[in-house]
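**Q** Structure here, sequence nowhere to be found:
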């Protein structure tokens, strides 16, 4: 285990899979929701990219903590937390929902799972959304429980995941539509498995309830995956940028609104229901957002790592944004990135310049997702 | 810079001092409040310990983010967030306050600064307390603003800090009582400096407002500190355990109540004011807490690092707690640690056994702080 750069303590929680991840030679972690997220194994990001596109990988994504909202007022609270209309969500369905504050600033972009009419999970990105939900609950005096249950998602991603998961859990799993979930028996207990994941290569997420099963679940999939050339993996930077999968804290923060993130179609502006930040969001919509998240392709050879945002200027040298995630794509043979781009410059094909910390000014172009 | 174990991205924010910290050869980081906290430089923890006790160190503690609560209902919200009676807090004073949820579970243990009758800062430990404050604000429809201002604390800790800080900011700074703050001119701007810090060796925290001054402030103190043998440093594990300084997420979490943490004297049970979790806390107080945070000394030679809690048993082998922070003290010549200890076993001098991951059962004893 190489953790030279990250000091371990109980405050940065291990997951039920961390032992296995260490066994497989994890080389780096990030920290998300006070928990360890593997970021690199023995193979390169490029090698992992090709593998993910053709085979199957096992990802410890237990950092995707579940905020469980249950009880009489559960629906009322969940709908109050998002501009997205949830009236048509059925039990067994997932929804990607922006969560905003009173100024329409993004607080998180979780995946909602409807478990029952009075029970929801929010599978969160990196912020303590539990505190937001609890604060609203207490402040509004709602009859709900807000908890973080002992649920630790394990992702099986890549095109061969369908064969592998059918082998293990039966052919019914192949009938799940995208963003649908079902219950499947694992070690004698019904567990939620969704057709979802933080890649565009297809796959599943097992919402394992009960940390003590972690090692056994990992081993079960690992062993069955041998004939599919399974590898330990993690969200792949090249693949997620090409696919337009944003990361909260990287591409957008509380200082961004959902329209800047391109979530227009997820925002209800009518009178069907009220939600936090609605009036602020309506004001923003009237004027239109001042910047918008865009894909960017840029040249100049392989970019250095994007540890800090790269400034982006127009061809004339005006600041128009900054690349918040960026890396070289071996498939497209060009650097790919994501950047909020100023109004007037966000049109597809607009030329721009990306300034990397090696001092290079790299010519680039605004590009639609998927890149 | 050694960051092999921690992958960098914008999501894990750099501080205004990170450039300087890297220049000084930082060897490891932790992540607190989505931001980098230096954890080791070129010298050992033991060497730093002795230095901190006798000289002066400069610590990048910008991870102590400020949650600013301001406006007409500011006092009402702040008092609603803590069991501690704030009615006697004067402008220019700090208070250590437990913040609890509706079940009396600890959400954070910030230091409160009263800047004005309608303006407070909460200098937070590792959880997004902003979301809790905002949730209450929105839910209760309060007239307050809740923000994270551009404030980045820089700590000057150790006995020689008094001389150094007087050289820089005048003799008035020596008149600050413990947990008092004043405003001092730095680069033409009034900045808050408090006599406080995450050590028991004395010192100050500069609440620098304006990230752009970060490098210059670091340099100012660094240069003036040369005659005091100043070093770059960070919260020292040996020193903080000996001093009984707890760490949220390590020693206690949301599953602990303030009585378990030993905050009895900070909890108001009378009728003077209402706060979140009051009725739950009163119930707990009636029965008395079932465990309590204690100091522990244990032998068997230098303990391995406490990356995961060490189980603690009674002499008879019953589980009675777990050491959540632990390390060898070169001064006491014994291992020191902190553990929640079960009722019946928390008396000073009670013998116990600490089980470290090297397989050793180490004899120990419950010990009062400071160790």
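**A** Ah, there it is. These numbers were taken from a predicted model, which means no experiment stands behind them.
**Q** now the strands: where do they sit in the stretch 1-150 of chain A?
**A** Secondary structure of the stretch 1-150 of chain A (DSSP state E, counting those that start in this stretch): strands at A:28-32, A:35-40, A:57-60, A:66-70, A:94-96, A:99-100, A:106-108, A:111-116, A:119-123, A:145-147.
**Q** how about low-confidence regions in the stretch 51-200 of chain A?
**A** Counting by pLDDT under 70, the stretch 51-200 of chain A shows no low-confidence range.
**Q** Dump the strands of the stretch 1-150 of chain A to a markdown table, plus mean neighbour count and distance to chain B.
**A** Where C-beta positions appear, they are placed from N, C-alpha and C, glycine not excepted. As requested, those are exported to a markdown table (neighbours: other C-beta atoms under 10 Å in any protein chain shown; distance: least, C-beta to the nearest C-beta, whole Å):
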| stretch | mean neighbour count | distance to chain B |
| --- | --- | --- |
| strand A:28-32 | 24 | 4 |
| strand A:35-40 | 22 | 4 |
| strand A:57-60 | 27 | 14 |
| strand A:66-70 | 24 | 11 |
| strand A:94-96 | 19 | 18 |
| strand A:99-100 | 28 | 10 |
| strand A:106-108 | 26 | 7 |
| strand A:111-116 | 20 | 18 |
| strand A:119-123 | 23 | 13 |
| strand A:145-147 | 19 | 9 |
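**Q** Can I get these in JSON lines including distance to residue B:306?
**A** Converted to JSON lines, those look like this (distance: least, C-beta to C-beta, whole Å):
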{"stretch": "strand A:28-32", "distance to residue B:306": "18"}
{"stretch": "strand A:35-40", "distance to residue B:306": "16"}
{"stretch": "strand A:57-60", "distance to residue B:306": "22"}
{"stretch": "strand A:66-70", "distance to residue B:306": "28"}
{"stretch": "strand A:94-96", "distance to residue B:306": "38"}
{"stretch": "strand A:99-100", "distance to residue B:306": "35"}
{"stretch": "strand A:106-108", "distance to residue B:306": "31"}
{"stretch": "strand A:111-116", "distance to residue B:306": "35"}
{"stretch": "strand A:119-123", "distance to residue B:306": "31"}
{"stretch": "strand A:145-147", "distance to residue B:306": "28"}
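**Q** so which of those strands gets nearest residue B:149?
**A** Evaluated with C-beta to C-beta, these place strand A:106-108 nearest to residue B:149, the distance being 18.0 Å.
**Q** Show me what the closest one is packed against.
**A** The helices and strands touching strand A:106-108, judged by 3 or more C-beta pairs under 8 Å, 6 or more residues apart in numbering or on different chains; DSSP states H and E, are strand A:99-100, helix A:129-140.
**Q** Out of these, which is the most enclosed?
**A** When these are scored by mean count of other C-beta atoms under 10 Å in any protein chain shown, the highest mean neighbour count falls to strand A:99-100 (a mean of 28).
**Q** Can you pull out the residues in contact with that strand?
**A** For strand A:99-100, the external contacting residues (C-beta atoms under 8 Å, 6 or more residues apart in numbering or on different chains) are A:81-83, A:106-110, A:122, A:129, A:132, A:257-258, A:275-277, A:281.
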